[in-house]
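Chemist: Fold the stuff below for me.
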Amino acid sequence: MKDSGSYLCGIQRNSGMDVFSAVQLEVKELLCLKSYDISGLVGHAVTLRCPNPPEQRDRKKFLCKGEQHNNCTDMMENQMKFMLHNVSSICFSMTITELEAADAGTYFCGSDAQLSYTKIKLTVGEIRKVVNKLI
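Modeler: The predicted structure is shown next:
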């Protein structure tokens, strides 16, 4: 967001007239969705976006896995695999590193499990190697 502001874009010529345009850039935070699907690849990382409304900013962040937001397994205990970052006044991010097929499923995240949470359906695929055979 600190990159917002006025910029000049153009071409400076050694001879003749220089051509410049003024550009006003406004960087906004991404909004968090109430529900979305995301996919990742085995061995890679995936980042989930979770709500963090201003009135809940100081509350503990959560990420859990299961079919119901009020009855799911807390994933925040595994600090090596699930990393919290990019906390802003609207959202925060959770990155799941080194994805495995077992990581696929339904997740819920947010800063208040009862009021503001996002439901995320994660699918995990494998990278398939294509082998050309010479005949």
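Chemist: Could you look up the SS state of residue 15?
Modeler: Look at residue 15: counting by DSSP: H, G, I helix; E, B strand; the rest coil, its state is coil.
Chemist: Distance-wise, check the nearest residue to residue 100 once chain neighbours are set aside relative to residue 35.
Modeler: Excluding the flanking residues, the one nearest residue 100 by C-beta to C-beta, 6 or more residues apart in numbering is residue 42, at 6.3 Å. For glycine as for every other residue, the C-beta is placed from the backbone atoms N, C-alpha and C. Going from residue 42 to residue 35 by C-beta to C-beta, to the nearest Å gives 24 Å.
Chemist: mean confidence for stretch 87-106?
Modeler: Average pLDDT, stretch 87-106: 89.
Chemist: Setting aside sequence neighbours, what's the nearest residue to residue 54?
Modeler: Counting by C-beta to C-beta, 6+ apart, residue 54 lies nearest to residue 89, which is 5.3 Å off, once chain neighbours are set aside.
Chemist: Could you count how many residues lie near residue 64?
Modeler: Applying other C-beta atoms under 10 Å, we find 20 other residues in the vicinity of residue 64.
Chemist: I meant residue 105, not that one.
Modeler: 15.
Chemist: is it in a bridge, and if so with what?
Modeler: Going by DSSP bridges, residue 105 is paired in beta bridges with residue 122.
Chemist: Would you check that my belief about it contacting residue 64 is correct?
Modeler: No - counting by C-beta atoms under 8 Å, residue 64 is not a contact partner of residue 105; they are 10.6 Å apart.
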